[in-house]
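Student: Provided below are the primary sequence and the corresponding predicted coordinates.
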Amino acid sequence: MIVKPIKTKKEYELALKRLERVFDASPTTPAGDEAELLAMVIDAYEQEKFPIDAPDPIEAIKIRMEEMGLRQIDLVGIIGEKGKVSEVLRRKRKLNLAMIRRINQRLQIPPSVLIQEYKLSA
């Protein structure tokens, strides 16, 4: 099979069916190469047609905390004192530039995620 960029839903469905057939092929075989290429063009099509929005800054922080096994108290010094951490995570206080820089450095959350607008809770 010749692998080419996917442009239509029908091509997408055919690529998915073909990937199912070659998915378990050994990576060192032509079928394995085909599976790898199909996965790449399928991923490109899905990212274009079914984009997933990045989480808002507070959700991104909470997700990373869970991934890293961190608790709220672990953010003291990154976000600020205990009260500030609580206010930020409860959406009572906005992140400032210094907080964003420290969060990016220590939690490896991209600045593009952290600078997004988000609403404070009432």
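Tutor: Cool, got the structure.

Student: mind listing the helices for the chain?
Tutor: Secondary structure of the chain by DSSP state H: the helices cover 9-22, 30-49, 57-68, 82-89, 97-107, 111-114.

Student: how about the contacts made by the residue nearest in space to the middle of the chain?
Tutor: Central residue of the chain (Cα atoms, centre = their mean): residue 54, 6.2 Å from the mean position. Contacts for residue 54 (Cβ atoms under 8 Å, 6 or more residues apart in numbering) come out as 60, 112-113, 116. Where C-beta positions appear, they are placed from N, C-alpha and C, glycine not excepted.

Student: mind redoing it with 7 Å?
Tutor: Neighbour list for residue 54: residue 113 [criterion: Cβ atoms under 7 Å, 6 or more residues apart in numbering].

Student: how near is it to residue 102?
Tutor: In this view, residue 54 and residue 102 are 19 Å apart by Cβ to Cβ, to the nearest Å.

Student: now swap in residue 4 and tell me
Tutor: To residue 102, residue 4 is 45 Å away according to Cβ to Cβ.

Student: ok, the nearest residue to residue 38 once chain neighbours are set aside - how many residues close by?
Tutor: Excluding its sequence neighbours, the residue lying closest to residue 38 (Cβ to Cβ, 6 or more residues apart in numbering) is residue 19, at 4.5 Å. Neighbourhood size, residue 19 [other Cβ atoms under 10 Å]: 17.

Student: is it true that residue 19 touches residue 42?
Tutor: Yes - assessed by Cβ atoms under 7 Å, residue 19 is found in contact with residue 42 at 6.5 Å.

Student: before we move on, back to that, could I get the helices of the chain in a markdown table, plus columns for distance to residue 74 and mean pLDDT?
Tutor: What follows is those, written out as a markdown table (distance: least, Cβ to Cβ, whole Å; pLDDT from 0 to 100):
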| stretch | distance to residue 74 | mean pLDDT |
| --- | --- | --- |
| helix 9-22 | 41 | 95 |
| helix 30-49 | 33 | 94 |
| helix 57-68 | 7 | 97 |
| helix 82-89 | 9 | 97 |
| helix 97-107 | 10 | 97 |
| helix 111-114 | 17 | 94 |
